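S.K.: below are the sequence and a predicted model for it; my questions follow.
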Amino acid sequence: MSLGLMHIEQDERVSMGADGNLYFSNALQKDSRKDYCCFVAFNKIRTIVQKTAMAVVVTNLKHGNESDDGGNSTEAPPVRIPGMLLPSGVQTEKVLLMGENLQLECIPQGYPTPTMSWMKMGDKLPLRTEFDNFGKLLSISAVDESDSGQYMCKAHNSEGEAVHYIDVIVEDRPKWVTGPPQGQLTVIGTDVHIKCSVSGKPTPDITWRRNGELFSDDPRSSSKRVLDDTVVLHNAREEDSAVYQCEASNRHGSVLANVNIMVMNEAPRILTRDFQEYGVVVGRDIVMNCSVFGSPPPTISWAKNETLEPIEGEQFLSPTGSLKITRAEKNDSGNYVCVASNREGKSSVIAVLDVKDPTKIAHPPQDVEVVSGTTAQLMCQAEFDESLRGTFMFAWKKDGEEIPLLPEEHSRYFMNEGVLQIMSVNMSDQGIYTCIARTSLDEDNATALLTVLEFIVEYEESQWEPGRWKELQKVPGNQATATLALQGHLNYQFRVYAVNVVGPGPPTPERNPENIKIQGHRPDQMDISWEPLLPIEHNAPGLEYKVSYRKLGVEDVWKEHLVKRQSFDVKNTSTFIPYEIKIQSRNSHGWGPEPKVVTGYSGEDVPTAAPRDVAVEVINTTVLRVSWTPAPPATVRGHLGGYDVLWLRKRSWLNPDKILDERRSLSFPGKKNHTMVPGLIPFSEYRLTVNVFNKKGNGPNSEPVTFNTPEGVPERVHILTASNAQKDSILLVWGPPLEKNGVLTGYLLQHHLINESTLEVVDSQETNITTPDTTQWQLQGLKEGSRYRFLLRACTQAGCGPPMAQESSTDNPARDGSWLVSEAVNASRGFHVIDGLKAGTAYTVRLAAKRLLDNTSIYEGVIQTRVEGLKSQLSKFSTEGWFIGTICALAFLTLVTLMACFVQRKRGGKYAGTPPPPPPQRQDVFSMGKVKEKEDLHPDVESQGMNDDTFCEYSDSEEKPLKGSSLRSLTGDDALGDSVSRDSRDSRDSLGDYADSEGEFNEDGSFIGEYSARSRRGC
């Protein structure tokens, strides 16, 4: 400052240093003056000290360093490279304690005036760095270890630069690393370690003392060692008990810790008082203490009623030894024994627990309405444990503040045994009153609302302002009459209504509309409707509704509309935005009560985003688990309806070149992020998408996910027939399964020898057929004249499918005779006559399709010819009218059956199995009829075109044996009938035999392809 207390202007050239001196980076002629003065202020003592004024004279140097005193020269001073006025030298050191504030100052000199810059060598300046005094002062508050390092200040002008290095060292006084060492109670003979962990910079020196005397390491002693920051007492003895002191110090300070070491063997001593009583309310928690001293540390256990069984589990708290009982019950009352024991002995105390009944308010105070000026009374009754009667009391609160107990002459409140009386109530007494029933262990409370009423008298005069009601007088609620001051020559009407602190009663509407519905029939619209007030509820003319709405959580200002109807449409809304809506009724006298706020949404629109991160997990061959990240709620644009999972079967890996388009979908309502998809087809490629939907429709599909189902086990083989039975072999012919569900690896064939009397399995064998193209198998080594059951399964890598069953018998060589072959049977006829048979002889008749596999029969049965004596009888028999009628009826039924089969064939039906035999008739005609039925089922190729309508649906017999026709001889020979029945069982439907290597099955199960041309052995 100058003597005139004018501040010296400071800038980059002229500034005051931290030491209080005034520095000039370069002197100019204008700096010459005689009144530079330094003032020092002592703030605490509010004193300012002034130094003697100083003069500064700036002269110009001539050539030869001669001064020029010739007045005010305007010549610029000579240029000079920068240097440092402060600090001196090239490098300095700064040491400070951690937490102190760092200040580094560099004041340059030179012309033009240098500019200052700072940097930290090898690191960036801390974020806390601040610059003052035109960049000459660097400050860092509360330094720590990371602020240590070398800092550089640089002065720069057009002539060059100058630098100065400052080494900053941050040190720290000694501190405990994990806290001071703690005292120890230990057993005689154990090792004691006392560790004094400290930090500091410079590293503190640690000094140990024992009972105040210096304690240093003695290498000659093996029982007591001082190892820098640790004292070790080996095999401690009782005389090693002492107070050990650890002092850590450096040049910045020191820390001291006293460690009490007690080496002794002491039996347990329980510090908790014996027979300590504890009380707790039912349902509350209680902790019973057991403080113990002993060496070695005692083991603590608890038992109830002095039993020997200890209490264990989560209720037992260690290491304090306390016992905690959670949610106490009445049966927890009793005496509890705390036992403390170690190798020196044991000790015990008893704790007495009393579980008491809870305090509860039996009759809470009731809401009450009173008129102002009267007395209000609130009653409260409570139940409590009788043993706590001495501590039981009632207390009352009004609006959360406890009502103080004042002398009666200074209070309008009187409290006695749960009754609260309020004298001369006024509007300020209205509020919520809380009754509190309290004991030393618990309390209960209940609330009631006190409403204070007063009356307002209004009038209407008919001459000057008819129809307008005005307030005339307020009347205290305890008065039922009022005296009114009126004007003369006027007609008056009066009305009176009650008022409480909430507001006036009628004639304004007493309630607001209810059943508010918010709907959005269009995406940009919100339709609000409500249930209007009844006419009797209007209370005055001019009823209107104020509809208020605003966006939920976005807007503070309500948009309001007055309407007289019971609906309102909000136009130009955003799609599916939540709104707060309230509707208040109003009549000519004012508003109804404050309405409740309801939340609704504007109109919905279809979702705009698809679920993300769709992933699939193939559970098995037919079931899939799908998961996804739900679409963001904002993109659903409506109430979430759920998710659609759509999948497309693209191809079967059995025929990968054929593109399929089999689509299916499932809908899952509600919030979901995963589901199970059933009904998949094995060994197929699928593509799956997921979309979200709401009431307006479906959103876009997710990115498709492609997956493959693994191979599954195949379905059962389509057809299985047994034929060409020899005495030790049978030929099995089958068709592959319609649904392979994978690549066929072969077949598993099982055959069981059946006891024909008991139908039990006598022997079983298994054959693995490893060639998947095989459709027939000759079983060798069978037992002659025996019945077998065959089970055939198709197999893939996933396993074998369900079996197809068939039964057949090997030939019995005891039957003799040779086979004769007739001419070709006309497929269009229903019978065939065989001539030249012997009378009274049994014949085996076999009907075979032309060009089939060897010995493959459509029908096989045994027929007995008549004896000569029956000829005339049968001739007469055939001319009877009833017989002719029967034959005609049978022919008509046959025609109907053929027509039904033709219709079924046109509908894509499958081959039918062997039809049941017709009713009995003449034996020769009957037998030929059966031959004709088989012939109709399997015509040869030449006649197939004429008889397509004879094919019916095919059904196998599963695992049941094929039953033959039960025929009886016309002569009444039961034995012959039995023979026919037994032999007929050998007949098998042989459609499976037709499935040669060139044959195949249509998708609907019908067999196509030519029959193989084979000659029948023996024909």
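M.R.: Looks like it arrived, so ask away. Residues are numbered from 1 along each chain as shown.
S.K.: enumerate every residue touching the closest residue in space to F693 that isn't next to it in sequence.
M.R.: The shortest distance from F693 to any non-neighbouring residue, by C-beta to C-beta, 6 or more residues apart in numbering, is to G641 (4.7 Å). From N, CA and C alone the C-beta is placed, and that goes for glycine too. By C-beta atoms under 8 Å, 6 or more residues apart in numbering, the residues touching G641 are 669, 692-695.
S.K.: recalculate using a threshold of 7 Å.
M.R.: 669, 693-695 (C-beta atoms under 7 Å, 6 or more residues apart in numbering).
S.K.: next: L449.
M.R.: 367, 432.
S.K.: could you give the bridge partners of it?
M.R.: I432 (DSSP bridges).
S.K.: the helix or strand hosting L898: how far from the chain's middle?
M.R.: Using DSSP states H and E, L898 falls within helix 881-906. Centroid separation for helix 881-906 versus its chain: 69 Å, with C-alpha atoms, centre = their mean, to the nearest Å.
S.K.: quick one, helices of this structure?
M.R.: Assigned by DSSP state H, the chain shows helices spanning 633-636, 871-878, 881-906, 923-937, 941-944, 974-984.
S.K.: the spatially most central residue of the chain and V282: what is the separation?
M.R.: Central residue of the chain (C-alpha atoms, centre = their mean): N673, 9.1 Å from the mean position. Noted for N673: a distance of 45 Å to V282, by C-beta to C-beta, to the nearest Å.
S.K.: next one: N812
M.R.: Distance of N812 to V282, computed by C-beta to C-beta: 91 Å.
S.K.: try V833
M.R.: According to C-beta to C-beta, V833 and V282 sit 105 Å apart.
S.K.: show me how the chain divides into domains.
M.R.: The chain breaks down by the TED database into domains covering 14-62+76-163, 179-264, 272-356, 360-451, 517-601, 612-709, 717-808.
S.K.: of those domains, flag the one that's most buried.
M.R.: Burial of the domains of the chain is given as mean neighbour count (mean count of other C-beta atoms under 10 Å); domain 717-808 ranks first at a mean of 18.
S.K.: can you read off the pLDDT for P961?
M.R.: On the pLDDT scale, P961 is placed at 37.
S.K.: wait, K62
M.R.: Predicted confidence (pLDDT) for K62: 59.
S.K.: ditto for G799
M.R.: On pLDDT, G799 comes in at 92.
S.K.: partner residues bridging it?
M.R.: Beta bridges link G799 to T796, judged by DSSP bridges.
S.K.: isn't it up against V713?
M.R.: Yes: counting by C-beta atoms under 7 Å, G799 sits close enough to V713 to count as a contact (4.6 Å).
S.K.: what's the neighbour count on R173?
M.R.: R173 has 19 neighbouring residues, counting by other C-beta atoms under 10 Å.
S.K.: one step back: could I get the domains of the chain as JSON lines with distance to V496?
M.R.: Formatted as JSON lines, the domains of the chain follow (distance: least, C-beta to C-beta, whole Å):
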{"stretch": "domain 14-62+76-163", "distance to V496": "73"}
{"stretch": "domain 179-264", "distance to V496": "78"}
{"stretch": "domain 272-356", "distance to V496": "52"}
{"stretch": "domain 360-451", "distance to V496": "13"}
{"stretch": "domain 517-601", "distance to V496": "14"}
{"stretch": "domain 612-709", "distance to V496": "50"}
{"stretch": "domain 717-808", "distance to V496": "90"}
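S.K.: indicate which one of the ones you listed is closest to A482.
M.R.: Nearest of the domains of the chain to A482, taken as C-beta to C-beta: domain 360-451 at 13.2 Å.
S.K.: so what would you say the end-to-end distance of that closest one is?
M.R.: Counting by C-alpha to C-alpha, to the nearest Å, you get 26 Å between the two ends of domain 360-451.
S.K.: chain center to it: distance?
M.R.: In terms of C-alpha atoms, centre = their mean, the centre of domain 360-451 is found 48 Å from the chain centre.
S.K.: what average pLDDT does that domain get?
M.R.: Domain 360-451 carries an average pLDDT of 88.
S.K.: could you pull up the residues touching V623?
M.R.: Contacts here follow C-beta under 7 Å, 6+ apart; on that basis V623 touches 676, 678, 680.
S.K.: how about the last one, what does it touch?
M.R.: By C-beta under 7 Å, 6+ apart, L680 lies in contact with 622-624, 686, 709.
S.K.: now intersect these with the strands, please.
M.R.: 624, 686 (DSSP state E).
S.K.: which one of the contacts of L680 is nearest G99?
M.R.: Taking C-beta to C-beta as the measure, G99 lies nearest L624 of the contacts of L680, at 64.9 Å.
S.K.: for the closest one, which non-adjacent residue is spatially closest?
M.R.: Here the residue nearest L624, using C-beta to C-beta, 6+ apart, is V677, at 4.3 Å.
S.K.: was I right to think the one you found contacts T622?
M.R.: No: using C-beta under 7 Å, V677 is not in contact with T622, being 9.4 Å away.
S.K.: circling back: measure the residue nearest to the centre of the chain to I166 for me?
M.R.: For N673, the distance to I166 equals 62 Å [C-beta to C-beta].
S.K.: repeat that for E9.
M.R.: Distance of E9 to I166, given as C-beta to C-beta: 29 Å.
S.K.: the more surrounded of the two?
M.R.: I166 (20 against 7).
S.K.: report pLDDT for that one.
M.R.: 94.
S.K.: quick one: contacts for it?
M.R.: I166 makes contact with 92, 94, 104, 151 under the criterion C-beta under 7 Å, 6+ apart.
S.K.: how about I577?
M.R.: Contact analysis of I577 by C-beta under 7 Å, 6+ apart lists 551, 601-602.
S.K.: return the member of the contacts of G641 nearest to F790.
M.R.: Relative to F790, the closest of the contacts of G641 is P669; by C-beta to C-beta it sits at 50.6 Å.
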